[in-house]
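Undergrad: have a look at this prediction, sequence included:
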Amino acid sequence: MNTSEKFKRLIKALGFASVKEFAEDLDISQARITDVMREKQKMPEDLLLKLISQYHVNANWLIASVGDMFIGNIPESALTKQEQVLLDDYRESNEQGKEAIEKTASALAQAALLANSKIA
């Protein structure tokens, strides 16, 4: 598996919608990650360390394709910024607000499930 494929799998496993979103969460430029993915530059040490510390990525998997993608489970801190904002809003809401968020999220999830089942 090449570097680009590894990053694509990693980005998907962490729940990011794009390289841009992933780069923003890491506070690294999208161009820098793209250069690593295209193998225009080797994996910078600071990026490797961020992936290990922030997401518990297995360095052996990333560098040598050995072992599992993560050391342990995907960390809860791997929420996207949008997910974290939503979670924070939920936590700051009163009981009525929490109930409204839960009902809305449930209804949207059911609608998406129904739409996906009609497509398949």
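TA: Looks like it arrived, so ask away. Residues are numbered from 1 along each chain as shown.
Undergrad: got a pLDDT number for the residue nearest the centre of the chain?
TA: Central residue of the chain (Cα atoms, centre = their mean): Leu14, 2.7 Å from the mean position. You'll see Leu14 listed with a pLDDT of 87.
Undergrad: look up how far Asn58 lies from it.
TA: 13 Å (Cβ to Cβ, to the nearest Å). C-beta here means a position set from N, CA and C on the backbone, and glycine is covered the same way.
Undergrad: and what of Ala111?
TA: Distance, Ala111 to Asn58, by Cβ to Cβ: 37 Å.
Undergrad: how about the helices of the protein, start to end?
TA: All helices of the chain, identified by DSSP state H, fall at 3-13, 19-26, 30-37, 45-55, 59-64, 81-92, 95-119.
Undergrad: ranking those by mean pLDDT, which is last?
TA: Sorting the helices of the chain by mean pLDDT places helix 81-92 lowest, at a mean of 84.
Undergrad: contact partners of that one?
TA: Residues from elsewhere that reach helix 81-92, judged by Cβ atoms under 8 Å, 6 or more residues apart in numbering: 15, 21, 24-25, 79, 97-98, 101.
Undergrad: in PyMOL, how would I select the buried members of those residues?
TA: Here is the PyMOL command that picks out the buried ones among those, judged by 16 or more other Cβ atoms under 10 Å:
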select buried, resi 21+25
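Undergrad: in TSV, list the contacts of helix 81-92 along with distance to Glu39.
TA: Below are those laid out as TSV (distance: Cβ to Cβ, whole Å):
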residue	distance to Glu39
Gly15	25
Glu21	22
Glu24	22
Asp25	22
Leu79	29
Gly97	48
Lys98	47
Ile101	43
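Undergrad: which of the contacts of helix 81-92 lies closest to Leu62?
TA: Proximity of those to Leu62 (Cβ to Cβ) peaks at Asp25, which lies at 16.8 Å.
Undergrad: surely the closest one touches Phe16?
TA: Yes. Counting by Cβ atoms under 8 Å, Phe16 is a contact partner of Asp25 at 6.9 Å.
Undergrad: that older thread, neighbour-wise, which of Ala111 and Asn58 wins?
TA: Neighbour totals were compared for Ala111 and Asn58, and Asn58 leads with 18 against 10 (other Cβ atoms under 10 Å).
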